[in-house]
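# 3D, please:
(chains A and B)
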Amino acid sequence: MTQERYNPQEIEIKWQKRWAESKAFACSNTSDKPKYYVLEMFPYPSGNLHMGHVRNYSIGDVLARAKRMQGFNVLHPIGWDAFGLPAENAAIKHNTHPADWTYANIDNMRAQMKRLGFSYDWDRETATCRPEYYRWEQLFFLKLLEKGLAYRKKSAQNWCPSCHTVLANEQVIDGKCWRCDTPVEQKDLEQWFLRITAYADELLKDLDLLKGGWPDRVLAMQHNWIGRSEGAEVRFDLEKPVDGADHIDVFTTRPDTLFGASFIVMAPEHPLAARLIKGSPDEASITAFIDHVRNMDRIERQSDTLEKEGVFTGAYALHPLTGRRVPIWLGNFVISTYGTGAVMSVAAHDQRDFDFARKYHLPIIQVISPDGKAHNTDEWTEAHAEPGVLVNSGEYDGTPSLKAKELITEKLESLGKGKKKTQFRLRDWNISRQRYWGAPIPVVYCEKCGVVPEKPENLPILLPLHVKTEPDGKSPLPKTESFYKCTCPKCGGPARRETDTMDTFVESSWYFARYTSARNDKAAFDMDALRYWLPVDQYIGGVEHAILHLLYSRFFTKALRDLGFYPENLDEPFRRLLTQGMVLLDGSKMSKSKGNIVNPTEMIDRYGADTVRLFCLFAAPPERDFDWTESGIEGASRFLQRIWRLFHENRSILKTARGCSSTAEDCVTPEARDLRGREHATVKKAGEDMGLRNQFNTAISAIMELVNAMYTYRDKMGDSEGERNVFSSAMATVITTLSPITPHICEELWERLGHTSHLAGDPWPTYDEKAMVKDTQTIALQVNGKLRGTMEAPTGADKKTLEDLALATEQIRRFTKDLTIRKVIVVPGKIVNVVAK
RNA sequence: GCGAAAGUGGCGGAACUGGUAGACGCCCUGGACUUAGGAUCCAGUGCUUUAUGCGUGGGGGUUCAAAUCCCCCCUUUCGCACCA
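Here you go, the predicted structure:
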């Protein structure tokens, strides 16, 4: 028997061409069908797709294709996160321009994506470095500025000396730059911020809306990052006011322990520190301490082994309720940017304060007690942080600590010495970047008017392309006169344009919305399109963005909603989030430096795109990491060849059929009936696994079982019409259900089966529960809970029948012959368990 | 330390509401066809002392019945980490 060999290269190119010609995956913003928006995190155009991309985009593509077949109007777009530092570095290295490098990379990666057969609506492709895109971002910035959600301030910022730019707090990982791992430094700079903290409460509260749709750990990470704590801000008056200041504010979550506050510790960076020590005999040594702490790098300062160190300023504050003198210290463990940068120390009930007090021989006063009695704290070896009742607290003695929190806060409020306060760990987002390849911030600095926003009609402020990138890696913008020299939009006088550009995370905070009306040049979005498509139904990407991109996008969504750009009821951008695992090789992450790379292009050349996609999805469930193995991809390839062979070896008897098209009357043999049942079960299982559970590996294994069953069936098949109908229908089902995963081979076989329409636009088969019902069921037989055999019983047999049948079996008799039967438990369709003694 | 997730054959992994543990694939073994096989097909494949035996990280518990529910412990991975 001669047959055509499976030639993936030829087939795949053929179908990719056809899909492109017919715009098979372009979707409309209006439809009677329910909508489904599936999105994968768009890539940075680094030049080549890696296996992580292939896995990410394969998962999204299966969903998109499956949902299309299942009757949804599917939006499945792609674009390019095209601004960013690597383009500048590459430009320097290869003596080219960041734009040229970026666009060339996009062309290459787009071709790779097309070669993988991803079903994107290419008409909606966007690149964030194009003015048609970033002009809207500049408009958002102006509106944010107008609303006070963007502002400028000078403060200590994270500086990456290697990237020559500042970083937001979220972009500093373990004290190092998220991009290049260089330890960050602190630098005082005037920068642009977005007021993400204005949404801190909502960002936290709305995590509840995402429960069930997002992985718990991502929710937990965001929860921790936002870091809400409730407590009180307490005012301690200075015993001797210093120039311009008469008090210190502290933040505490334990106002109930206020009577135990025996000293205050300020961060060395606290603005009051220098003034407090002025004129002190120890001024020189204290200043040396401040400089010492400030000069420590961030990693050292935050390490858990850092010894607590402090110095006494010589100054005292007065306890707000008792008037007691409280010494003011400086300590290296107090964080200047959290709360007020100063804490009241209650050594008895806080471990850090306890350690500090022991080291510097400061008083440890117990004010909370489990038994209502005060104890000698000299014998304590650690702080007691748990709640109890108050002692040593004047009128509050005997009050439970929870109640005391309220009472003491109220008391402070009535005295004007404090107030209830909610504190967040989250800080505002610094979006200024001292880089060239980014979106210009649309403001100018006028000699007369100061900081002046551009007029919206002057947008876009174009990033100049005719600049030379300097080998020192610094942005050329401050040296490009044609760019920075401008006129003030307000007074028309001479002005200097802002030369910092925006953090590229700003572009990725709204790109998913732009896809809904990607070609609109009159407005950022078409409101009707937003209302129809948003939120994204399923978002897919790496967990490395659990905080960064996902938090910024959530914030931006709320802000754009309040600015009127988004629908008023759009609170969250991504309804469901799937964080896919990594593709490993030999148990470790693939990396160029380690040289353990599997190149997707090479794999496509060797096995074809369908096999690569199949293996990526079959090897493990999507959230889990998986190891790339040669034998694994061989197995995937073998399966496709097995289908190819099954089809062609039986081509002469195959009819042009659809899935689930055979009838009960066709089942002239038990085998036919069985195969038809399996076919329907496969449609059900694969449909649920692909469309609802996102368990592609089990969907594939179900289809493999059907193929195996077809091989067995074929050997016994007679030549009746009915038997052939059953076989043809099963073949159509294999082709249809597998098509979201391996679309090319399935389109090809579909065509060879005699169909003239694209499989990609065809409906998913409809299964019939009745077809899955068999005459008999296998019932497990247990004695005292242990499996002792099985029996075949008529489907739907009642408890009594099953019990009688079971007790009559040889297995049950054998295992109960010396015992007395006490009880028989029957679960119809499942088991009979005989309890005997 | 805090938080989250996960521990199932030689390996990747199934088992959806407690009801035949190990689907599917890989590896391996034997056979068939072959000049040949790293192709293909067929069969086998949790462990062992082959038993009314053992078995889902370990130990208890609930139940007729537990990978699944409850309690205690161990290990691994990830995230946060002096946030007052």
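# how does chain A divide into domains?
A:25-128+A:508-580, A:137-195+A:428-505, A:228-424, A:650-772, A:776-836 (automatic domain parsing).
# I'd like the ones you listed laid out as CSV, including mean pLDDT.
CSV is the format used below for the domains of chain A (pLDDT from 0 to 100):
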stretch, mean pLDDT
domain A:25-128+A:508-580, 96
domain A:137-195+A:428-505, 92
domain A:228-424, 90
domain A:650-772, 94
domain A:776-836, 89
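# Just put those in a markdown table and tack on mean neighbour count and distance to residue A:4.
C-beta here means a position set from N, CA and C on the backbone, and glycine is covered the same way. Formatted as a markdown table, those follow (neighbours: other Cβ atoms under 10 Å; distance: least, Cβ to Cβ, whole Å):
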| stretch | mean neighbour count | distance to residue A:4 |
| --- | --- | --- |
| domain A:25-128+A:508-580 | 20 | 21 |
| domain A:137-195+A:428-505 | 18 | 49 |
| domain A:228-424 | 18 | 62 |
| domain A:650-772 | 19 | 9 |
| domain A:776-836 | 15 | 41 |
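# Which among these is found nearest to residue A:606?
domain A:25-128+A:508-580 (13.2 Å; Cβ to Cβ).
# next one: the closest one to chain centre, how far?
With Cα atoms, centre = their mean, to the nearest Å as the basis, domain A:25-128+A:508-580 stands 14 Å off its chain's centre.
# wouldn't residue A:85 be in contact with residue A:436 here?
No. With contact defined as Cβ atoms under 8 Å, residue A:85 does not reach residue A:436; the gap is 9.3 Å.
# follow-up on the earlier one: make CSV from the domains of chain A and add distance to residue A:638 to it.
Output for the domains of chain A, formatted as CSV (distance: least, Cβ to Cβ, whole Å):
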stretch, distance to residue A:638
domain A:25-128+A:508-580, 19
domain A:137-195+A:428-505, 41
domain A:228-424, 50
domain A:650-772, 11
domain A:776-836, 30
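# Please report how far residue A:267 lies from residue A:310.
Distance from residue A:267 to residue A:310, counting by Cβ to Cβ, to the nearest Å: 11 Å.
# joint contacts of these two?
Contact criterion Cβ atoms under 8 Å, 6 or more residues apart in numbering; residues shared by residue A:267 and residue A:310: A:330, A:331.
# so who does the most centrally placed residue in chain A touch?
Among the residues of chain A, the one closest to the centroid is residue A:546, at 4.0 Å (Cα atoms, centre = their mean). Listed by Cβ under 8 Å, 6+ apart, the contact partners of residue A:546 are A:217, A:218, A:221, A:222, A:579.
# For whichever strand or helix holds residue A:638, name the packing helices and strands.
Secondary-structure assignment from DSSP states H and E places residue A:638 in helix A:630-649. Under the contact criterion of 3 or more Cβ pairs under 8 Å, 6 or more residues apart in numbering; DSSP states H and E, helix A:630-649 touches helix A:600-607, helix A:609-618, helix A:696-716, helix A:721-738, helix A:743-752.
# In that helix, which residues are buried?
Buried residues in helix A:630-649, counted by 16 or more other Cβ atoms under 10 Å: A:632, A:633, A:636, A:637, A:639, A:640, A:642, A:643, A:644, A:646, A:647, A:648.
# can you tell me which residues contact the second one?
So the one you mean is residue A:633. Contacts of residue A:633 by Cβ under 8 Å, 6+ apart are A:603, A:607, A:611, A:612, A:615.
# on that earlier part again, out of the buried residues of helix A:630-649, flag the one nearest to RNA strand B.
residue A:642 (4.9 Å; Cβ to the nearest atom of the strand).
# residues making contact with stretch A:744-755?
Contacts for stretch A:744-755 (Cβ under 8 Å, 6+ apart): A:6, A:8, A:11-12, A:14-16, A:18, A:117, A:608-610, A:640, A:643-644, A:647, A:651, A:654-657, A:728, A:731-732, A:735-736, A:738-739, A:758-760, A:762.
# Tell me where the stretch 451-600 of chain A has helices.
A:481-484, A:504-507, A:511-514, A:527-533, A:548-562, A:600-607 (DSSP state H, counting those that start in this stretch).
# ok so, going back, if I take the helix holding residue A:638 and helix A:743-752, what angle do their directions form?
Counting by axes from the mean of the first three to the mean of the last three Cα atoms, to 10 degrees, helix A:630-649 lies at 10 degrees to helix A:743-752.
# ok, is the very next helix or strand once past helix A:630-649 in contact with RNA strand B or not?
Later in the chain than helix A:630-649, the nearest helix or strand by DSSP H and E is helix A:670-688. Yes. Residues of helix A:670-688 contacting RNA strand B under Cβ under 7 Å from any atom of the strand: residue A:685.
# Helix A:670-688 relative to helix A:721-738, how many degrees between them?
Using the same axes, to 10 degrees: helix A:670-688 against helix A:721-738 is 20 degrees.
# any idea of the mean pLDDT for the helix holding residue A:638?
In this model, helix A:630-649 has an average pLDDT of 93.
# Around RNA strand B, pick out the residues from the stretch 601-750 of chain A.
A:618-621, A:624-627, A:629, A:631-632, A:634-635, A:638-639, A:641-642, A:645, A:685, A:695, A:697-698, A:700-701, A:704-705, A:708, A:711-712.
# Equivalent analysis for the stretch 301-450 of chain A, please.
Residues of the stretch 301-450 of chain A lying near RNA strand B (Cβ under 7 Å from any atom of the strand): A:301-302, A:304, A:306, A:308, A:332-335, A:338-339, A:341, A:343-344, A:350, A:352, A:423, A:425.
# ok, and the closest non-adjacent residue to residue A:720?
residue A:668 (5.5 Å; Cβ to Cβ, 6 or more residues apart in numbering).
# wait, what's in contact with the one you found?
A:720, A:722, A:723 are the contacts of residue A:668 under Cβ under 8 Å, 6+ apart.
# Verify the contact between the last one and residue A:717 for me.
Think residue A:723. Yes. Counting by Cβ under 8 Å, residue A:723 touches residue A:717, with 5.1 Å between them.
# which residues do these two both contact?
residue A:671.
# what's the closest non-adjacent residue to residue A:391?
residue A:374 (4.4 Å).
# Would you enumerate the residues in contact with that neighbour?
Counted by Cβ under 8 Å, 6+ apart, residue A:374 has contacts A:366, A:391, A:392.
# On the three-state scheme, the last one is what?
By that I understand residue A:392. Following DSSP: H, G, I helix; E, B strand; the rest coil, the label given to residue A:392 is coil.
# check contacts around the closest residue in space to it that isn't next to it in sequence.
Spatial nearest neighbour of residue A:392, chain neighbours left out: residue A:367 (5.0 Å); criterion: Cβ to Cβ, 6+ apart. Residue A:367 is in contact with A:256, A:257, A:258, A:259, A:260, A:346, A:348, A:349, A:390, A:391, A:392, A:393, counting by Cβ under 8 Å, 6+ apart.
# May I ask you to confirm that the third one is in contact with residue A:344?
Yes. In this structure, residue A:258 sits in contact with residue A:344. The criterion is Cβ under 8 Å, and the distance is 7.2 Å.
# which residues are common contacts for the two?
Common neighbours of residue A:258 and residue A:344 (Cβ under 8 Å, 6+ apart) are A:234, A:252.
# Number of residues surrounding residue A:209?
Close neighbours of residue A:209, defined as other Cβ atoms under 10 Å, add up to 12.
# Once you drop chain neighbours, what's closest to it?
Residue A:209's closest residue in space is residue A:572 (Cβ to Cβ, 6+ apart), at 5.6 Å.
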